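Undergrad: let's see this in three dimensions:
(2 chains)
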Amino acid sequence: QKEVEQNSGPLSVPEGAIASLNCTYSDRGSQSFFWYRQYSGKSPELIMFIYSNGDKEDGRFTAQLNKASQYVSLLIRDSQPSDSATYLCAVNMNDMRFGAGTRLTVKP
Amino acid sequence: GAGVSQSPRYKVAKRGQDVALRCDPISGHVSLFWYQQALGQGPEFLTYFQNEAQLDKSGLPSDRFFAERPEGSVSTLKIQRTQQEDSAVYLCASSSPGPSGNEQFFGPGTRLTVL
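TA: Numbers count the residues shown, from 1 in each chain, chains lettered A, B, ... in the order given. Here you go, the predicted model:
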């Protein structure tokens, strides 16, 4: 079992829809969780981080964490074509472990 | 500088050559990380420094890989006797404790192609 698992996609949603990205992790002791966005040929950039169970909202983005289920998700509301990218889930397990990423395409 | 910088941005090596990849972290950042990212994959952890101390090198795939950060700032990742499977983007990231915990800021990466 990989330490951080994501569906590789591609996930395709129409413009204006909600995109839902999911991630599970293996280390129950993990404390901090991150979502990075990576455009093709570019380096990852941080979108959100979350430490506590529940929801955390920042603009059109909502991160959700459920430590009991070892599950973290990212919702993107009112998706825009510029949101098309690969979204990487990262979990801090002493050092940072990344999932393989989910490729999101938002169609106009 | 304003962000993490890496050089060279692109490197083509013949199999068996040694290469050295450089990372300049954000000034004042204590922690520095190296990752290897293959096409279509997420970054894979290689090694981690806190200041000049290499605290974790468990991700280095073989003893051909060596990293150093002698003065706690600039870091170099060296790959000896490169193999084709070493072809990847090598990302460097730096971080410092703050409100977002261990937010890592990534450099642009070095794309290594081994022929």
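Undergrad: near chain A, which residues of chain B?
TA: Taking CB under 8 Å from any CB of the partner chain as the contact definition, chain B meets chain A at B:33, B:35, B:40-45, B:48, B:56, B:59, B:91, B:100-109. To be clear about C-beta, it is placed using only N, CA and C from the backbone, and glycine gets the same treatment.
Undergrad: in strands, which of the residues you listed fall?
TA: Among the residues of chain B next to chain A, DSSP state E puts B:33, B:35, B:44-45, B:48, B:56, B:91, B:105-106 in strands.
Undergrad: list the contacts of residue B:16.
TA: Shown in contact with residue B:16 (CB atoms under 8 Å, 6 or more residues apart in numbering or on different chains): B:81-82.
Undergrad: quick check: residues of chain A near chain B?
TA: A:4, A:6, A:8, A:32, A:34, A:42-46, A:49, A:51, A:88, A:92, A:94-101.
Undergrad: quick one: residues in contact with the strand ranked longest in chain A.
TA: Looking across chain A with DSSP E, the single longest strand is strand A:85-93. Contacting residues not belonging to strand A:85-93 are listed as A:3-4, A:6, A:21, A:23, A:25, A:27, A:29-40, A:44, A:47, A:72, A:74, A:96-99, A:101-104, B:42-43, B:101-102 [CB under 8 Å, 6+ apart].
Undergrad: which neighbours in the sheet does whatever helix or strand comes next after it have, and how are they oriented?
TA: Later in the chain than strand A:85-93, the nearest helix or strand by DSSP states H and E is strand A:95-98. The pairing partners recorded for strand A:95-98 under DSSP bridges are strand A:85-93 (antiparallel).
Undergrad: what's opposite the spatially most central residue of chain B in the beta bridge?
TA: Centroid-nearest residue in chain B: residue B:34, 3.2 Å away (criterion: CA atoms, centre = their mean). Using DSSP bridges, the bridge partners assigned to residue B:34 are residue B:47, residue B:92.
Undergrad: please apply the same query to residue A:5.
TA: For residue A:5, the beta-bridge partners under DSSP bridges are residue A:24.
Undergrad: burial of it, as a residue count?
TA: 16 (other CB atoms under 10 Å in any protein chain shown).
Undergrad: equivalent analysis for residue A:106, please.
TA: Residue A:106 has 21 neighbouring residues, counting by other CB under 10 Å.
Undergrad: any weak-confidence spans in chain A?
TA: Low-confidence segments of chain A, defined by pLDDT under 70: A:1.
Undergrad: how about stretch B:38-57: buried residues?
TA: Residues of stretch B:38-57 classed as buried by neighbour count (16 or more other CB atoms under 10 Å in any protein chain shown): B:41-49, B:54.
Undergrad: can I assume the residue nearest to the centre of chain B is in contact with residue B:54?
TA: No. Applying CB atoms under 8 Å as the test, residue B:34 and residue B:54 come out as separate, 10.2 Å apart.
Undergrad: shared neighbours, the two?
TA: B:47-48, B:67.
Undergrad: and these, which is closest to chain A?
TA: The shortest approach to chain A among the shared contacts of residue B:34 and residue B:54 belongs to residue B:48, at 5.2 Å (CB to the nearest CB).
Undergrad: quick one, what contacts that closest one?
TA: Each residue near residue B:48 by CB under 8 Å, 6+ apart is listed here: A:95, B:31-34, B:54-57.
Undergrad: got the CA coordinates for stretch A:71-89 in PDB?
TA: Provided in PDB are the C-alpha atoms of stretch A:71-89 (Å, rounded to 0.1, in the frame of the first residue of the first chain):
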ATOM      1  CA  TYR A  71      -9.000  10.700   4.400                       C
ATOM      2  CA  VAL A  72      -8.500  14.200   3.100                       C
ATOM      3  CA  SER A  73     -10.200  15.900   0.200                       C
ATOM      4  CA  LEU A  74     -10.200  19.100  -1.800                       C
ATOM      5  CA  LEU A  75     -13.300  20.700  -3.200                       C
ATOM      6  CA  ILE A  76     -13.100  23.400  -5.900                       C
ATOM      7  CA  ARG A  77     -16.300  25.400  -6.400                       C
ATOM      8  CA  ASP A  78     -17.200  27.200  -9.600                       C
ATOM      9  CA  SER A  79     -14.400  25.500 -11.400                       C
ATOM     10  CA  GLN A  80     -12.600  27.500 -14.000                       C
ATOM     11  CA  PRO A  81     -10.500  26.400 -17.000                       C
ATOM     12  CA  SER A  82      -7.500  27.900 -15.300                       C
ATOM     13  CA  ASP A  83      -7.900  25.300 -12.500                       C
ATOM     14  CA  SER A  84      -6.900  22.600 -15.000                       C
ATOM     15  CA  ALA A  85      -3.800  21.100 -13.500                       C
ATOM     16  CA  THR A  86      -2.500  18.200 -11.500                       C
ATOM     17  CA  TYR A  87      -3.400  18.300  -7.800                       C
ATOM     18  CA  LEU A  88      -1.000  16.700  -5.400                       C
ATOM     19  CA  CYS A  89      -2.000  15.600  -1.900                       C
END
